[in-house]
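Visitor: Structure of the sequence below:
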Amino acid sequence: MTSNADTIEMCFIVRSGVMIIINGLIFVITVFFLGSINALQVIALGILIYFVSLALSKILDTEIMWVTNLIIKILNKHEQFKNILLNFL
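Guide: Numbers count the residues shown, from 1 in each chain. Got it, this is the predicted structure:
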């Protein structure tokens with residue numbers, strides 16, 4: 001049986017993972033359109049992606065929570081993997 005603290009921790013881990021995937025997709029798409037980038041552009045792009053991801057997080061909050069809850073339900077069926085994930089992170 002999972003405790004409330006484990007559920008909250010899993011929610012944080014999964015939501016962070018979803019946001020990392022969204023940030024990565026934004027970065028890859030931007031670099032694809034720009035072609036190649038230098039160090040200064042990477043810094044500027046990182047700052048831009050940070051603010052875009054904050055805006056997307058606010059706009060898509062219900063969708064992100066839906067995906068998060070779906071992943072948590074799947075993880076609850078696989079206790080061993082969930083416990084490894086909780087202990088590792």
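
Visitor: Now do the longest helix along the chain: which elements does it pack against?
Guide: Criterion DSSP state H: the longest helix present in the chain is helix 4-34. On a contact count with 3 or more Cβ pairs under 8 Å, 6 or more residues apart in numbering; DSSP states H and E, helix 4-34 meets helix 39-59, helix 61-77, helix 79-88. C-betas here are computed from N, CA, C, even on glycine.

Visitor: Enumerate the positions of it that are buried.
Guide: Neighbour-count burial for helix 4-34 flags 10, 13-15, 18-19, 22-23, 26-27 (criterion: 16 or more other Cβ atoms under 10 Å).

Visitor: and what of stretch 46-55?
Guide: Residues 49, 53 are the ones in stretch 46-55 that count as buried (16+ other Cβ under 10 Å).

Visitor: ok, residues contacting it?
Guide: The contact list for stretch 46-55 (Cβ atoms under 8 Å, 6 or more residues apart in numbering) reads 19, 22-23, 26-27, 30.

Visitor: Repeat the analysis, applying 10 Å as the threshold.
Guide: For stretch 46-55, contacts defined as Cβ atoms under 10 Å, 6 or more residues apart in numbering pick out 19-20, 22-27, 30, 41, 56.

Visitor: Widest-spaced pair of those residues?
Guide: Farthest-apart pair in the contacts of stretch 46-55 is Met19 and Gln41; separation 22.3 Å (Cβ to Cβ).

Visitor: for the record, mean pLDDT for the longest helix of the chain?
Guide: The average pLDDT within helix 4-34 is 85.

Visitor: mind listing what Leu60 touches?
Guide: Going by Cβ under 10 Å, 6+ apart, Leu60 touches 18, 22, 66-67.

Visitor: Ile74: which of those residues is nearest?
Guide: The nearest one, if we look at those relative to Ile74 and count by Cβ to Cβ, is Val67, at 10.7 Å.

Visitor: re earlier: lowest average pLDDT across the helices and strands packed on helix 4-34?
Guide: helix 79-88 (a mean of 80).
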